[in-house]
Structure formats: structure tokens, C-alpha cells
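K.L.:
need the 3D shape of this:
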Amino acid sequence: MEKKEAVCCDTVEVHEELLKIVNETMPEETELYDLAELFKVFGDSTRIRILFVLFEAEVCVCDLAEALHMTQSAISHQLRILKQNKLVKSRREGKSVFYSLADSHVRTIIAQGREHIEE
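P.N.:
Numbering: from 1, shown residues only. Take a look at the predicted model:
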């Protein structure tokens with residue numbers, strides 16, 4: 001990847017109308033913080049791999065561990081984070097707990113990310 005320097009203005013000129021629009025549309029700090037935290041969850045390749053498995057099917061921890069060649073403990077830890085961030089949901093069936101994507105937004109976020117890196 002080619003490195004490029006940041007380009008700065010030659011003079012200082014504040015565009016008041018643009019700043020007014022930005023200030024009126026900028027979300028609250030708490031919302032920006034929550035959004036940044038959500039994107040941090042996607043910053044782990046193990047969690048991304050888990051989400052890709054869940055794109056295909058609802059699966060239990062045992063299946064995920066086998067598919068990803070990881071321990072059930074490691075998978076459970078990552079699922080806890082995904083669940084806390086409302087990216088996956090679970091349901092109990094007998095002694096097993098099955099996980100699936102929480103909603104279609106998760107698929108959309110990943111698809112948009114893939115599209116972006118493939119440009």
C-alpha cells in the first residue's frame with residue numbers, strides 16, 4: 001500500500017456555514033462512543049470468523065470450536081463479547097446452547113466492510 005502524506009490548507013479559512021451544518025448533525029458524544037465500541041468488536045479476526053460461520057447456520061459452541069479449530073472456552077469468551085454487543089443471540093435446546101446472528105444488520109455491516117476492502 002502506498003503511503004501518502006496528509007494535505008493541509010495553505011491558509012486558515014473557517015467555513016462557518018459548513019461548521020453550522022456539522023454541529024447541527026453531529027451525534028451526541030455517548031452515541032459516538034458507543035459506535036466506536038461496536039466497531040472495536042469487529043476488530044478481532046476470531047469474532048469475524050465466528051460471525052461468518054453464523055452466516056451459514058445456527059450452531060452450538062461445540063460446532064464453532066470444531067469448525068474454527070479452537071477450544072470451547074475461547075469460543076465462549078468471544079461469543080460473550082458478541083452477545084453483549086447484540087451481534088449474536090442464543091437459545092437453549094436441552095443441554096446445548098445454539099447461537100445465531102442477532103439480526104440482518106450484522107450481515108449488512110460485514111458485507112459493507114468486505115465491499116470496502118475489495119475496492
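K.L.:
skip the chain neighbours and tell me the closest residue to the most centrally placed residue in the chain.
P.N.:
The geometric centre of the chain, computed from its C-alpha atoms, lies nearest to Phe42 (Cα atoms, centre = their mean), at 3.3 Å. Among residues not flanking Phe42 along the chain, Ile48 sits closest, at 6.6 Å (Cβ to Cβ, 6 or more residues apart in numbering). Any C-beta I mention is one placed from the backbone N, CA and C, and that applies to glycine too.
K.L.:
if I look at that neighbour, how far off is Phe55?
P.N.:
11 Å (Cβ to Cβ, to the nearest Å).
K.L.:
quick one, longest helix in this structure?
P.N.:
Criterion DSSP state H: the longest helix present in the chain is helix 104-118.
K.L.:
identify the residues contacting that one?
P.N.:
The contact list for helix 104-118 (Cβ atoms under 8 Å, 6 or more residues apart in numbering) reads Phe42, Ile48, Leu51, Phe52, Phe55, Leu87, Val88, Leu101.
K.L.:
apply 7 Å and report the result again.
P.N.:
Residues outside helix 104-118 that contact it (Cβ atoms under 7 Å, 6 or more residues apart in numbering) are Leu51, Phe55, Leu87, Leu101.
K.L.:
mind checking how far that helix is from the chain centre?
P.N.:
9 Å (Cα atoms, centre = their mean, to the nearest Å).
K.L.:
give the helix, strand or coil label for Glu31.
P.N.:
The assignment at Glu31 comes out as helix when based on DSSP: H, G, I helix; E, B strand; the rest coil.
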